[in-house]
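Participant: Fold the following, please.
(one chain, ligands or ions: 3)
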Amino acid sequence: MNTSVIKKFAIQTYGCQMNVADSELVEGILTKLGLEKTSNFDEADAIFLNTCAIRENAETKVHSRLGNLHKIKLTKPHLIIGVLGCMAQNLKDDLLKNKPYVDIILGPDSYRKIPELINRHEIDNKSIVDTKLSRYEVYENLFPTRGDTFNAWVSIMRGCNKFCSFCIVPFTRGRERSRSIESVVDEVKKAVDQGFAEITLLGQNVNSYKFEGNTFAELLLAVSDINGVKRIRYTSPHPQDINIELLEVMASRKNICNYIHFPMQSGSNEILKKMNRTYTREHFHYMASKIREIMPNCGLSTDIIVGFPGETEEQFRETLDLMEKVKFNSAYTFKYSPRPYTKAEQFTQQISEQVKKERLDEMLVLQRKHTLELNKKMVGTYQQVLIEKESKKSSNHWAGRTDSNEWVIIEKNNSKIKDIVPVEITSATGVILHGQEITGA
Ligand code: SAH
Ligand code: SF4
Ligand code: F3S
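Facilitator: Numbers count the residues shown, from 1 in each chain. Ligands and ions are numbered 1, 2, ... in the order given. The predicted model follows:
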């Protein structure tokens, strides 16, 4: 293969964990080709942006980054610029027309073609596009080069069939498909052998996992049975597919973390219906209560959108009310952003930016109150903390997460990164907990 000019590559990743995992996959492919990874754009011969299209501002960031790359290319004509991921799918026509300096545009199901395309580009120097979505591609038998030190992302399913009316993902990532339990187990075993303490199972709708009749709960059990798996997390589930069987499996296994990301989106039944979310506020509240009944210390986080088309002040209040009832440990809150291809983009009564901002601000204040309240309840409790990194604020402290996904700062003792240590929570300031390692325990 002729990859002579191309020796070093860089990848910058935008968007969700699926993209992080995909970048690791691409890195695996390129490293196998003999290329070397660099984080310095100036010394790279190929630069890939793995892009996200979820909201308009995600796309804006990529456009401005491409502007920078164009400048680098003017001084280094052999540089290959590649756009991967969800925007590639979505914006290929615009990129081809307006950004001719982009050499390779690959959608999320086309990464196996990278070696062939780099080679082809070197020969004829034309832009190359492949954004075809596949019903089958799950990247079986391709092993990613993992970036983290303690956590291994393992993608178990791809795509989404839910078509929430606001969301572009079903268009950028295509239909749902799952890997076999055996291939997931195989990859997790390899990650454990490489020393990873935590495994995070990934999918756009991770708990819609289905392979030849096997369910997500069954897959979780199989992964939990693997020797040496200390912690299992998963993201992102859809509330419709959280059921009692899954909660009981989670409660029954020590190495499955007591944490669920439980995306509510709205607390108004009319809005949920217009969003095509397939559950009601009553069902959502019921499942949240069930989660806390079956796993009393379960951490709960959520995603909420404010300013969906037609959202009245009263409907917004219903969302705040459901937040009060459930009390999430944390929330990712977003202003609605109209996306191409989606149903909601066509809806009348789009909400003004000003109103969206006011609603978001009010929601953030409420969420901060809940976070602090729940964190304060943890003071005096004992938690198992997996040490992940040095604290940003002090080189004498570690930062790690509890089983329930709360960040805790502890003083460095003899412990090191990847250790799971017993900690007493001593104080709660905002979103961060402080604790003391219990030595000699
Ligand atoms: N599959 C995941 C969501 C992935 S997108 C799930 O169903 O939970 C992550 C979050 O982005 C969504 O939960 C939603 O809150 C937000 N989001 C998606 N499309 C959006 C849009 N058009 N405007 C604002 N937020 C959006
Ligand atoms: Fe988007 Fe809904 Fe699918 Fe999540 S479930 S990826 S929000 S369409
Ligand atoms: Fe973004 Fe695609 Fe993930 S649109 S949020 S990178 S699935």
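Participant: What's the mean pLDDT across the longest helix along the chain?
Facilitator: For the chain, the longest helix by residue count, based on DSSP state H, is helix 353-378. For helix 353-378, the mean per-residue pLDDT is 97.
Participant: following it, which helix or strand shows up next?
Facilitator: Sequence-wise, the next helix or strand downstream of helix 353-378 (DSSP states H and E) is strand 382-390.
Participant: Pull out the buried positions in that next one.
Facilitator: Residues of strand 382-390 classed as buried: Gln383, Gln384, Val385, Leu386, Ile387, Glu388 (neighbour count, 16 or more other CB atoms under 10 Å). C-betas here are computed from N, CA, C, even on glycine.
Participant: in the stretch 301-441 of the chain, which spans are helices?
Facilitator: For the stretch 301-441 of the chain, the helices defined by DSSP state H, counting those that start in this stretch cover 313-326, 353-378.
Participant: quick one, the longest one and helix 313-326 angle?
Facilitator: Comparing the axes of helix 353-378 and helix 313-326 via axes from the mean of the first three to the mean of the last three CA atoms, to 10 degrees yields an angle of 10 degrees.
Participant: which helices and strands sit right next to helix 353-378?
Facilitator: Helix 353-378 makes packing contacts with strand 299-306, helix 313-326, strand 330-335, strand 420-429 when contacts are defined by 3 or more CB pairs under 8 Å, 6 or more residues apart in numbering; DSSP states H and E.
Participant: Report the backbone C-alpha coordinates of the worst-scoring helix or strand of the chain on mean pLDDT in PDB.
Facilitator: Within the chain, no helix or strand scores below helix 114-124, which has a mean of 81 by mean pLDDT, DSSP states H and E. This file holds the C-alpha atoms of helix 114-124, laid out as PDB (Å, rounded to 0.1, in the frame of the first residue of the first chain):
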ATOM      1  CA  ILE A 114     -10.300   4.500   5.500                       C
ATOM      2  CA  PRO A 115      -7.100   2.700   4.300                       C
ATOM      3  CA  GLU A 116      -8.400   2.300   0.800                       C
ATOM      4  CA  LEU A 117      -9.500   5.900   0.700                       C
ATOM      5  CA  ILE A 118      -6.200   7.400   1.900                       C
ATOM      6  CA  ASN A 119      -4.500   5.400  -0.700                       C
ATOM      7  CA  ARG A 120      -6.900   6.500  -3.400                       C
ATOM      8  CA  HIS A 121      -6.600  10.100  -2.500                       C
ATOM      9  CA  GLU A 122      -2.900   9.900  -2.600                       C
ATOM     10  CA  ILE A 123      -3.100   8.600  -6.200                       C
ATOM     11  CA  ASP A 124      -5.700  11.000  -7.700                       C
END
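Participant: Tell me which helix or strand comes right after that helix.
Facilitator: Counting by DSSP H and E, what follows helix 114-124 is strand 128-130.
Participant: what is the mean pLDDT for that next one?
Facilitator: In this model, strand 128-130 carries a mean pLDDT of 86.
Participant: For ligand 2, give me its nearest residue in the stretch 1-150 of the chain.
Facilitator: Relative to ligand 2, the nearest point of the stretch 1-150 of the chain is Ile54 (8.2 Å; CB to the nearest ligand atom).
Participant: And that residue, how far from Phe171?
Facilitator: In this view, Ile54 and Phe171 are 11 Å apart by CB to CB, to the nearest Å.
Participant: I'd like to know how many residues surround Ala251.
Facilitator: Applying other CB atoms under 10 Å, we find 16 other residues in the vicinity of Ala251.
Participant: surely it meets Glu293?
Facilitator: No. Look at Ala251 against Glu293 with CB atoms under 8 Å: they stay out of range, at 9.9 Å.
Participant: burial measure for Ala44, as a count.
Facilitator: If we define neighbours as other CB under 10 Å, then Ala44 has 25 of them.
Participant: Ok, the one 3 residues further on next?
Facilitator: Other residues within reach of Ile47, judged by other CB under 10 Å, total 24.
Participant: Tell me if it really is in a strand.
Facilitator: Yes. Per DSSP: H, G, I helix; E, B strand; the rest coil, Ile47 lies within a strand segment.
Participant: and it, what does it touch?
Facilitator: Phe9, Ala10, Ile11, Gln12, Phe41, Leu69, Ile72, Leu79, Ile80, Ile81, Gly82 (CB atoms under 8 Å, 6 or more residues apart in numbering).
Participant: Next, count neighbours for the third one.
Facilitator: Right, the one you point to is Ile11. By other CB under 10 Å, neighbour count at Ile11 equals 22.
Participant: The helix or strand encompassing it packs against which elements?
Facilitator: Element membership of Ile11 [criterion: DSSP H and E] is strand 8-13. Secondary-structure packing of strand 8-13 (3+ CB pairs under 8 Å, 6+ apart): helix 17-32, strand 36-37, strand 46-51.
Participant: gap between the longest one and the chain center?
Facilitator: The reference is to helix 17-32. Chain-centre distance of helix 17-32: 14 Å, with CA atoms, centre = their mean, to the nearest Å.
Participant: same check, this time on the last one
Facilitator: Its chain's average C-alpha position is 18 Å from that of strand 46-51, according to CA atoms, centre = their mean.
Participant: got it, and the second one?
Facilitator: Offset of strand 36-37 from its chain centre (CA atoms, centre = their mean): 24 Å.
Participant: Could you confirm whether stretch 48-66 reaches ligand 1?
Facilitator: Yes. Using CB under 6 Å from any ligand atom, stretch 48-66 reaches ligand 1 at Ile54, Arg55.
Participant: So which bits of that stretch are buried?
Facilitator: Neighbour-count burial for stretch 48-66 flags 48-55, 58-59, 62, 65-66 (criterion: 16+ other CB under 10 Å).
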